[in-house]
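# okay, predicted coordinates and the sequence, questions at the end:
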Number of protein chains: 2
Amino acid sequence: MDLRFVLFELSRMLECVDSVVSISSKQLGTTLGVSQQTASRYLAILEKNRLIKRVVKKRGQDISLTKEGLAILKNMHDELGFFIQGKKMLEITGKVSIGIGEGAYYIKMYADKIEKELGFKPYYGTLNVKVEEMPAGMQRLAFKKIPSFEKEGRSFGGIKIAKIRLKYGKKAVDCYLIMPERTHHKNELEIISKENLRSKMGLKDGSLVIVEV
Amino acid sequence: MDLRFVLFELSRMLECVDSVVSISSKQLGTTLGVSQQTASRYLAILEKNRLIKRVVKKRGQDISLTKEGLAILKNMHDELGFFIQGKKMLEITGKVSIGIGEGAYYIKMYADKIEKELGFKPYYGTLNVKVEEMPAGMQRLAFKKIPSFEKEGRSFGGIKIAKIRLKYGKKAVDCYLIMPERTHHKNELEIISKENLRSKMGLKDGSLVIVEV
DNA sequence: ATTACTATATAGCGAGTAT
DNA sequence: TATACTCGCTATATAGTAA
């Protein structure tokens, strides 16, 4: 049994996001169609993984979701929404950040493939935008894909590319968002363009920008 | 692994509800973190359960969701929505149906418990309303619960009760919806009231009514 | 490349039970 | 009543391989 499903079933018993449900392992087992022992184990694992908080009592246990547990369910909801209701425009606000400076090297490596897909030679560098939370289903908004490849003895992962509109104050520029297929969990968007976006738009570290996907 | 999550992962690869994705069992296995053989088996089972349609080809397989498969995901999305966004008012349209006539007997058995919870002696009968599709998360809208019990050597399952407003033409009456806790999958709502709803509202089999939960 | 069979390994379930 | 441990068994995953 996938523990996400246990989490999902628990959510059905909770009145709302930050409420607490009192349930015995026997009851939970019955709802899930497993034994009391197994349900007990599930709860122990969920607690260990910090997806639920629980207080084991003489009669049943009080269970509530942690921030992480809720995030998993929210993410599932978002993903399903993207799928069922179709693509949507996303607007993300973030701050320009310095990045690790690797952007230039990577773009150089991907440059010919990017040129083939987008029809222009990209500026050798990325504009990094730090966001509070990476929105779910962003990969779905991609319109181009570059598969993984090998070059100079190194392997480069596949990337997805989405068209975006970068806004800073009253200025707005059409450019492209690069998304590694292997989910990296740093909360940064990497944006590429024909030109140097920093100088073109007058951006500095910390500048508040809006990304319209 | 719960197959619902295989379905969920597949949905993430599909562009939209009725599109087709071409994927090999190897690829799917990698995304799910299982072997190619296991992924292959998953797909076979999903197909057998009529949750996906697939065309196995020389290079990968074309996969799309069936109506049933999509319904499962939609249901998950709805349930998560109820949980994350909070309770909502539901409006269900259905037709008065004849039912199996067991309603009277059951209500008689539950009568004293209903009276204790709702403060009135219910009419010995239920108004059955046939709906197209049972909306997800309806149980969540219950405000009272009667636990399972034994009586006259038989056991009666727990039920949940929700306040509803029954509308027929310009008439509207406040009454109660009875929901067995053990999910029964017939698409009928069972409504109880102090009085005989059929005669009070002039309902006949097939009358189109609106149920506001 | 693929899919998917059979055989083997192992992960996970639940009975029994202690607490 | 509960929770949750050990342990044997079975259900499920993977390796090897055929088609």
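Structure's in. What do you need?
# what's the domain layout of chain A?
What the record gives for chain A is the domain set A:3-84, A:91-212, from automatic domain parsing.
# what's the closest of those to DNA strand D?
domain A:3-84 (3.4 Å; C-beta to the nearest atom of the strand). Heads up, the C-betas are built off the backbone N, CA and C, glycines and all.
# what about the closest one, start to end distance?
Using C-alpha to C-alpha, to the nearest Å, one end of domain A:3-84 lies 23 Å from the other.
# near chain B at all, that domain?
Yes - residues of domain A:3-84 are located near chain B by C-beta under 8 Å from any C-beta of the partner chain, namely A:4-5, A:8, A:11-12, A:14-17, A:73-74, A:76-77, A:79-81, A:83-84.
# which helix in chain A runs the most residues?
For chain A, the helix reaching the highest residue count under DSSP state H is reported as helix A:67-85.
# would CSV of the domains of chain A with mean pLDDT and mean neighbour count be doable?
Formatted as CSV, those follow (pLDDT from 0 to 100; neighbours: other C-beta atoms under 10 Å in any protein chain shown):
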stretch, mean pLDDT, mean neighbour count
domain A:3-84, 90, 17
domain A:91-212, 87, 16
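# now those domains as CSV including distance to DNA strand C?
What follows is these, written out as CSV (distance: least, C-beta to the nearest atom of the strand, whole Å):
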stretch, distance to DNA strand C
domain A:3-84, 3
domain A:91-212, 12
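# got those domains as TSV, with distance to B:Lys48 columns?
Rendered in TSV, the data for these read as follows (distance: least, C-beta to C-beta, whole Å):
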stretch	distance to B:Lys48
domain A:3-84	20
domain A:91-212	28
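# quick one: contacts of stretch A:83-95?
Residues lying outside stretch A:83-95 but in contact with it, judged by C-beta atoms under 8 Å, 6 or more residues apart in numbering or on different chains, are A:82, A:129-132, A:135, A:138, A:140-141, A:189, A:205-213, B:11-12, B:14, B:16-17, B:73-74, B:77.
# chain center to the longest helix of chain A, what's the gap?
Its chain's C-alpha centre and that of helix A:67-85 lie 11 Å apart, by C-alpha atoms, centre = their mean, to the nearest Å.
# out of the domains of chain A, which is closest to B:Arg54?
Ranking these by distance to B:Arg54, with C-beta to C-beta as the measure, places domain A:3-84 first at 18.0 Å.
# how about the closest one and DNA strand D, touching?
Yes - applying C-beta under 7 Å from any atom of the strand, one finds domain A:3-84 touching DNA strand D at A:24-26, A:36-37, A:40-41, A:43-44, A:56, A:58-61.
# show me which of the residues you listed is closest to B:Gly99.
Distances from B:Gly99 to the residues of domain A:3-84 next to DNA strand D, taken as C-beta to C-beta, are shortest for A:Lys26 (33.3 Å).
# just the C-alphas of the host helix or strand of that closest one, formatted as PDB.
Following DSSP states H and E, the helix or strand that holds A:Lys26 is helix A:25-32. Presented in PDB, the C-alpha positions along helix A:25-32 are these (Å, rounded to 0.1, in the frame of the first residue of the first chain):
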ATOM      1  CA  SER A  25      -5.700   1.500  14.400                       C
ATOM      2  CA  LYS A  26      -8.600  -1.000  14.200                       C
ATOM      3  CA  GLN A  27     -10.900   1.500  12.600                       C
ATOM      4  CA  LEU A  28      -8.300   2.800  10.200                       C
ATOM      5  CA  GLY A  29      -7.500  -0.800   9.200                       C
ATOM      6  CA  THR A  30     -11.100  -1.400   8.500                       C
ATOM      7  CA  THR A  31     -11.400   1.600   6.300                       C
ATOM      8  CA  LEU A  32      -8.300   0.700   4.400                       C
END
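# so how far is the helix or strand just after it from its chain's centroid?
Toward the C-terminus, helix A:25-32 is succeeded by helix A:36-48 as the next helix or strand (DSSP H and E). When distances are taken as C-alpha atoms, centre = their mean, helix A:36-48 is centred 27 Å away from the chain's centroid.
# from A:Val55, how far out is the residue lying closest to A:Ser25 once chain neighbours are set aside?
The spatial neighbour of A:Ser25 that comes closest, neighbours along the chain excluded (C-beta to C-beta, 6 or more residues apart in numbering or on different chains), is A:Ser40 at 4.0 Å. Distance, A:Ser40 to A:Val55, using C-beta to C-beta, to the nearest Å: 15 Å.
# next one: A:Ile192
Distance check for A:Ile192 against A:Val55: by C-beta to C-beta, it reads 50 Å.
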